[in-house]
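1. build me a model:
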Amino acid sequence: MSLQDLGNHLSQHDCLYCINGMAPAGIHPDLGPVLRLCPTQHWCDDCDGLSLYPAEYETLDERINDMLDDGYVAVWCEHCCGVTAVIPVTNDGGIR
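-> This is a model prediction of the structure:
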């Protein structure tokens, strides 16, 4: 899924929840400030719209590497590419 899939919702300026199809979702302890897809629409059947999107990072690769350095890995929704979980990893790369 991409922002193009959001379609006409991006052109609706009367939505009180979102900015360009994304709504603030608070501060996650591992991801920092996060966004979610606009809660007024149903976007993803796989995660039921519960995925989060990091709001502050230079590139996605940098964010993933920072998390690995801290001993965490993100689990991604295959449909909307949002983060569904953050789990710890062991030193040898296996999941605890």
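
2. ranges for the strands of the protein?
-> For the chain, strands defined by DSSP state E occupy the ranges 22-28, 32-37, 53-54, 72-76, 83-88.

3. adding distance to residue 47, mean neighbour count and mean pLDDT, write the ones you listed out as a markdown table.
-> Every C-beta, even on glycine, is put in place using the N, C-alpha and C of the backbone. Written out in a markdown table, the entries for these read as follows (distance: least, CB to CB, whole Å; neighbours: other CB atoms under 10 Å; pLDDT from 0 to 100):
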| stretch | distance to residue 47 | mean neighbour count | mean pLDDT |
| --- | --- | --- | --- |
| strand 22-28 | 13 | 14 | 88 |
| strand 32-37 | 10 | 19 | 88 |
| strand 53-54 | 12 | 18 | 88 |
| strand 72-76 | 9 | 16 | 88 |
| strand 83-88 | 5 | 15 | 90 |
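
4. in JSON lines: these, plus distance to residue 64.
-> Compiled in JSON lines, the strands of the chain are given as follows (distance: least, CB to CB, whole Å):
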{"stretch": "strand 22-28", "distance to residue 64": "15"}
{"stretch": "strand 32-37", "distance to residue 64": "13"}
{"stretch": "strand 53-54", "distance to residue 64": "10"}
{"stretch": "strand 72-76", "distance to residue 64": "7"}
{"stretch": "strand 83-88", "distance to residue 64": "10"}
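
5. how about the helices in the chain?
-> Along the chain, the stretches classed as helices by DSSP state H are 60-69.

6. by mean pLDDT, flag the weakest helix or strand of it.
-> Using mean pLDDT, DSSP states H and E, the weakest-scoring helix or strand in the chain turns out to be helix 60-69, at a mean of 81.

7. gap between the residue lying closest to residue 28 once chain neighbours are set aside and residue 49?
-> Spatial nearest neighbour of residue 28, excluding adjacent residues (CB to CB, 6 or more residues apart in numbering): residue 34 at 4.8 Å. With distances defined as CB to CB, to the nearest Å, the gap from residue 34 to residue 49 amounts to 13 Å.

8. check residue 64 too.
-> For residue 64, the distance to residue 49 (CB to CB) stands at 23 Å.
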